[in-house]
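Q: Generate a structure from the sequence data that follows.
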Amino acid sequence: MLIVSKTAIKARPYRVLSGIGAGAGAAVVMMVVMAGLRLAASLPTIPELMVSPIINFLGGQAFSDQLDRLYYAGRPLLFTLILEGTLLLGIALGVIYARLARPDPITGKRSPIFNSPAGGILYGLLIGVLLDTVFLPIVGQGVFAGRAFGTGLDSPLPLWAGLIALALVYGVVLQRLLPSAPPAAQNSETVALPVPAWGEAASPYLGYVPQEVEMLAVESADRRQMLRIAGGALLALLGGVVLTVGGTILNQGGLVSPVNRVGDKNPDNAEGAANSTNPPETPETPTQVAQATTTPKDVAQAQVIPPSPTEMEATQQPTSTPAPPTDTPRPTATDTPLPTHTPVPTATPTATATATPTATPTRTPIPTDTPVPTNTPVPTRANTRITSVNFGVTEGTPGAIPAIKVREITPTGSFYHVSKNFFDPAVSADGWSLEIKGLVDNPYSINYKTLTYMLPVQVTTGMMCISNPVGGGLIGSTQWKGVRLADLLAKASPRRGVTKVVMRAADDYADSISYQKALDPDVLLVWEMGGIPLTKDHGFPARLLVPGIYGMKHIKWIQSIELVDYDFKGYWQQPSQKWNDAAPVKTMSRIDFPSEGALGMGPQDISGVAFAGDRSISKVEVSTDGGATWNEAYLKPPLSHTAWVLWGYLWTPDAPGTYKVMVRATDGEGNLQTAKRADPFPSGASGYHTVTYRVKSG
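A: Predicted coordinates for the structure are as follows:
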C-alpha cells in the first residue's frame with residue numbers, strides 16, 4: 001500500500017511532449033525577433049550565415065543542377081529548408097528542456113529554478129554559448145565573431161552578441177510556454193491506494209495509482225497537452241508551406257523559366273511594351289528590311305552621350321590622363337574615334353559615323369577631395385566580327401517577313417538575376433564609393449555623384465548566366481549607361497606587371513578579369529539599365545559590364561577595383577566550386593515562340609534569339625526534321641555586336657504529325673554553334689535547342 005494525496009491525484013499531469021508545442025512557439029518568436037534585428041540592425045540571420053557553407057558543400061555541379069531545375073525557386077526553397085530546420089531544432093531543444101524540468105515522480109516537485117524565468121535565461125545562455133563556440137566555426141565564422149563575413153552586412157551589434165540575444169529570447173519564451181509543475185499537496189486528505197500490479201499505468205508523480213483513477217483525473221489535462229503538441233507540429237508544417245509558396249511567388253516566377261516572349265505578362269515592369277521594338281503579332285515590314293542594308297559597325301554600339309546644358313560650365317576643362325603601362329597590349333586603333341554627338345541607335349542601326357570627334361563638353365565641377373576621372377579616349381577595335389548577315393526572306397510567300405514575337409530589349413523587371421545571397425545588399429548612393437587601388441601610382445576613390453557626372457557611354461548589350469541551360473531563360477539584352485573601365489584604370493596610372501583586375505562587392509563577393517580584357521572598350525562600369533538607375537537586384541549603385549564573358553564576372557554592388565600581378569580566383573572559381581575562370585560566352589540560340597505543343601496546319605511563324613557575347617551573330621538556321629536538313633532564318637538587324645539577335649522563320653508543315661524543330665547559330669567570326677550537348681557546369685551549356693510540335697489537321 002502507498003499513502004498519497006487526493007489533491008495530488010487530481011492535479012494535472014506533466015508531459016515531456018509538451019516541449020514540442022513550447023519549443024515550436026519559442027522558435028517562431030525567436031525567428032520573428034531575428035527578422036526584426038535584420039531590419040533594424042543589419043544583423044545576419046541564421047540562414048544567411050549558412051548559405052555559403054551549404055553552397056561550398058554542394059559544389060559547383062550540384063548548384064548548377066539545382067538552378068537548372070528550380071530557377072528562382074532555389075533560393076526561397078533553401079531559405080525555407082533552413083528555417084524549417086531551425087524550427088525543428090527549436091522543437092528538439094524544447095523537448096530536452098521539458099525533460100530536464102520534469103517533476104520528481106515520487107514527490108511531485110521539481111527544482112524551483114525551472115518554475116521561474118531564471119531557468120529559461122540559463123538555458124538560453126547555454127544555447128547562445130554553443131552557437132558562438134560551435135555553430136559559428138562550422139559556418140566559417142570566427143569564435144565570438146564581431147562581423148559576419150560573406151553577408152556584406154556591417155551590424156552595430158556584434159554577431160556573437162546577436163546570437164546570444166536570440167538564444168535568450170528562445171529560452172525565456174520556452175520557459176513561459178511550458179506547463180508548470182503542480183504545487184505540493186497541502187492540508188489534503190490522504191488515502192491508501194494499492195501498488196499497481198505489473199503492467200498497470202503509473203501516475204507521473206506522487207506514487208502510483210490504478211489506471212482507472214488516473215484516467216478520470218487527467219483526461220481534461222491530457223486534452224490540453226495534446227492540443228499543445230498538435231499546435232506545435234501544425235505550426236511547423238504551416239510555416240514551411242507558407243514560406244515555400246510565398247518565397248517562390250516573390251522570386252520572379254519560381255519554377256518557371258524567365259523566357260523573354262513579347263506575349264508574356266510582366267506586372268513588375270510596365271515599360272515592357274514601350275521598350276519592345278516588336279509589338280505582339282506585328283511582323284516587320286519590307287521597309288524595315290530595306291533600311292538594314294548597312295552592316296552594323298562596332299562604332300554604332302557605344303555612343304558617347306553629351307551632357308545636358310545644365311551640367312556644363314565653360315571654365316571646367318577635362319584634365320589629361322596618364323596612359324596605362326606600355327608593356328601591356330592594348331586594342332589597336334584601327335577605327336575612327338567615337339563621335340560625341342551621334343544619336344543612340346534605334347531598332348535599325350544607321351550608317352557608321354566617320355566624323356572626327358568634336359570638342360568635349362565641359363562639366364559642372366563637383367566638390368570632392370579626389371580628382372574627377374575624365375573620359376580618356378580609348379581606341380575601338382577593328383570591325384572583323386561580322387562577315388555577312390542574311391537580312392533576306394525565308395520560305396513562303398515572296399516578300400513575306402516572319403513575325404518575330406520576342407522582345408528586343410528585355411524589360412528590367414524581366415531581366416534575370418542570380419546571386420549567392422538570400423537577401424541582396426541595399427547600398428545607399430550617398431554612402432557609396434568606388435576605390436581603385438593595387439599596383440597603381442595614383443590610387444583614388446570616386447563617389448556616386450562624381451561617377452554619374454562623367455561623360456557617359458550608352459550601349460545595348462546582352463548578358464547570360466553561366467548556369468543557363470540550353471533553351472533557358474537566364475539571359476537578357478538591354479540598354480546600359482556608364483563609363484569605360486579603361487578610363488577609370490588609366491586615371492590610377494597602373495604599374496608594370498599587372499595581370500588581373502580584381503573586383504569586390506558589398507556582399508563580400510569577389511571575382512576578376514584579365515587586365516587585357518579590362519582595357520577592352522566594350523567593358524563598362526554602368527549605373528543605368530533600361531533607361532533607369534540600376535535596381536537593387538541588378539547591382540545599384542554600380543556594376544561591371546563585361547561583354548563576351550558570362551554574367552558571374554559582371555560584378556554587382558561593386559565597391560573596389562584592385563590591380564594585381566597574380567592569378568586571383570573568385571567566389572565561383574574556388575576549389576569547392578571549380579567554375580571556369582576565363583568563362584567566354586558560348587554561341588547559343590533559342591526557340592521562343594511558339595511554345596512547345598499543338599499547332600494547326602498552315603504557315604507558322606517561329607522566332608527566337610541568338611547570342612554570342614561580343615562576337616555578334618551572322619547566321620541562324622532552323623531544322624524542322626530533327627536536324628536532317630537546315631534552312632536559313634531571317635535575322636533582324638542587331639542593335640549592336642554585343643546585343644542578342646532576333647531571328648524568325650516562316651514554316652508551313654507538309655502534313656499533320658510530330659515535328660522536332662531545332663535551331664543553331666553561327667557567330668560573327670564564322671564559327672558554327674556546337675551540337676555537342678554539355679551541362680552548364682563548369683564552362684557553360686552547349687547543344688541545339690529542340691522543341692517538339694504536334695501539327696493537327698484542320
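
Q: what pairs with Arg543 across the strands?
A: Val526 (DSSP bridges).

Q: how about Gln573, what does it touch?
A: 511, 579-581 (Cβ atoms under 8 Å, 6 or more residues apart in numbering). Bear in mind the C-beta positions are built from the backbone N, C-alpha and C, glycine included.

Q: run the last query once more with 10 Å
A: 60, 511-512, 552, 567, 579-583, 682 (Cβ atoms under 10 Å, 6 or more residues apart in numbering).

Q: Repeat that for Ile54.
A: Per Cβ under 10 Å, 6+ apart, neighbours of Ile54: 47, 63, 78, 81-82, 139.

Q: With Tyr566 instead?
A: 497, 499-500, 502, 512.

Q: Which elements pack onto the helix or strand encompassing Tyr649?
A: Counting by DSSP states H and E, the element that carries Tyr649 is strand 645-651. The contact analysis (3 or more Cβ pairs under 10 Å, 6 or more residues apart in numbering; DSSP states H and E) places strand 645-651 against strand 588-593, strand 604-611, strand 617-623, strand 631-632, strand 634-635, strand 657-667.

Q: Quick check: Ile513 touching Val498?
A: No: the criterion here is Cβ atoms under 10 Å, and Ile513 misses it with Val498 at 11.8 Å.

Q: between these two, which one's more packed in?
A: More neighbours surround Ile513 than the other of Ile513 and Val498, with 25 against 22 (other Cβ atoms under 10 Å).

Q: And the more buried one, what's its pLDDT?
A: Among the per-residue scores, Ile513 shows a pLDDT of 96.

Q: Kindly report the same for Pro575.
A: The per-residue pLDDT of Pro575 was computed as 85.

Q: Give me the three-state assignment for Lys437.
A: Under DSSP: H, G, I helix; E, B strand; the rest coil, Lys437 falls in the strand class.

Q: ah, wrong one, I meant Gly119
A: helix.

Q: Which residue is the nearest non-sequential neighbour of it?
A: Ile113 (4.6 Å; Cβ to Cβ, 6 or more residues apart in numbering).

Q: what's the burial count for that neighbour?
A: Ile113 has 15 nearby residues by other Cβ under 10 Å.

Q: cool, Asp625 as well?
A: Around Asp625 sit 12 other residues, with neighbours defined as other Cβ under 10 Å.

Q: Can you verify my assumption that it contacts Met662?
A: Yes: the criterion here is Cβ under 10 Å, and Asp625 meets it with Met662 at 8.9 Å.

Q: all helices for the stretch 51-200 of the chain, in order.
A: 74-100, 117-130, 136-138, 159-177 (DSSP state H, counting those that start in this stretch).

Q: Let me see the mean pLDDT of the second one.
A: Throughout helix 117-130, pLDDT has a mean value of 93.

Q: now the shortest one
A: Helix 136-138 shows an average pLDDT of 92 in the prediction.

Q: Can you list the neighbours in contact with that helix?
A: So helix 136-138 is contacted by 49-50, 53, 130-131, 142-145, 148, 159-160, 163 (Cβ under 10 Å, 6+ apart).

Q: PyMOL command for the buried members of those residues?
A: Burial among the contacts of helix 136-138 is assessed by 16 or more other Cβ atoms under 10 Å; the matching PyMOL selection reads:
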select buried, resi 49+50+131+145+148+159+160+163
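
Q: For the contacts of helix 136-138, please prepare JSON lines with the additional fields distance to Gly471.
A: As requested, these are exported to JSON lines (distance: Cβ to Cβ, whole Å):
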{"residue": "Leu49", "distance to Gly471": "36"}
{"residue": "Met50", "distance to Gly471": "32"}
{"residue": "Pro53", "distance to Gly471": "32"}
{"residue": "Leu130", "distance to Gly471": "48"}
{"residue": "Leu131", "distance to Gly471": "44"}
{"residue": "Gly142", "distance to Gly471": "44"}
{"residue": "Val143", "distance to Gly471": "47"}
{"residue": "Phe144", "distance to Gly471": "49"}
{"residue": "Ala145", "distance to Gly471": "43"}
{"residue": "Ala148", "distance to Gly471": "38"}
{"residue": "Leu159", "distance to Gly471": "43"}
{"residue": "Trp160", "distance to Gly471": "47"}
{"residue": "Leu163", "distance to Gly471": "44"}
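
Q: Can you tell me which of the contacts of helix 136-138 is closest to Ser433?
A: Ala148 (22.0 Å; Cβ to Cβ).

Q: residues near the closest residue to that closest one other than its chain neighbours, how many?
A: Nearest residue to Ala148, sequence neighbours excluded (Cβ to Cβ, 6+ apart): Pro44, at 4.2 Å. Using other Cβ under 10 Å, Pro44 has 28 other residues around it.

Q: Look up how far Ala165 lies from Pro44.
A: 13 Å (Cβ to Cβ, to the nearest Å).

Q: Kindly list the single helix or strand of the chain that scores lowest on mean pLDDT.
A: helix 272-275 (a mean of 32; mean pLDDT, DSSP states H and E).

Q: Give me the residue ranges of the stretch 451-600 of the chain where confidence is low.
A: Judged against pLDDT under 70, the stretch 451-600 of the chain has no low-scoring part.

Q: ok now do Asp511, which residues does it touch?
A: 501-505, 544, 546, 549, 552-555, 568-573, 579, 581, 583.

Q: Wasn't it part of a helix?
A: No: secondary structure of Asp511 (three-state DSSP): strand, not part of a helix.

Q: Please report how far it lies from Arg75.
A: Asp511 is 19 Å from Arg75, by Cβ to Cβ.

Q: Just send the helices and strands packed on strand 645-651 back as a markdown table, with distance to Phe423 too.
A: Listed next are the helices and strands packed on strand 645-651 as a markdown table, based on distance: least, Cβ to Cβ, whole Å:
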| stretch | distance to Phe423 |
| --- | --- |
| strand 588-593 | 31 |
| strand 604-611 | 30 |
| strand 617-623 | 37 |
| strand 631-632 | 47 |
| strand 634-635 | 41 |
| strand 657-667 | 37 |
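
Q: who wins for proximity to Leu525 among those?
A: strand 604-611 (22.3 Å).

Q: Now Leu159: closest residue in space, sequence neighbours ignored.
A: In space, Leu159 is closest to Ala145, 4.6 Å off (Cβ to Cβ, 6+ apart).

Q: same question but for Gly94, I mixed them up
A: Gly23 (1.9 Å).

Q: how about that neighbour, what does it touch?
A: Gly23 touches 87-98, 170, 173-174, 177-178, 232, 236, counting by Cβ under 10 Å, 6+ apart.

Q: tilt between the host helix or strand of it and helix 159-177?
A: In this structure, Gly23 is located in helix 18-41 according to DSSP H and E. Interaxial angle of helix 18-41 relative to helix 159-177 (axes from the mean of the first three to the mean of the last three Cα atoms, to 10 degrees): 140 degrees.

Q: Now Phe149. Its backbone dihedrals?
A: phi -80, psi 140 (degrees, to the nearest 10).

Q: surely it meets Glu48?
A: No: assessed by Cβ under 10 Å, Phe149 is found out of contact with Glu48, at 11.3 Å.
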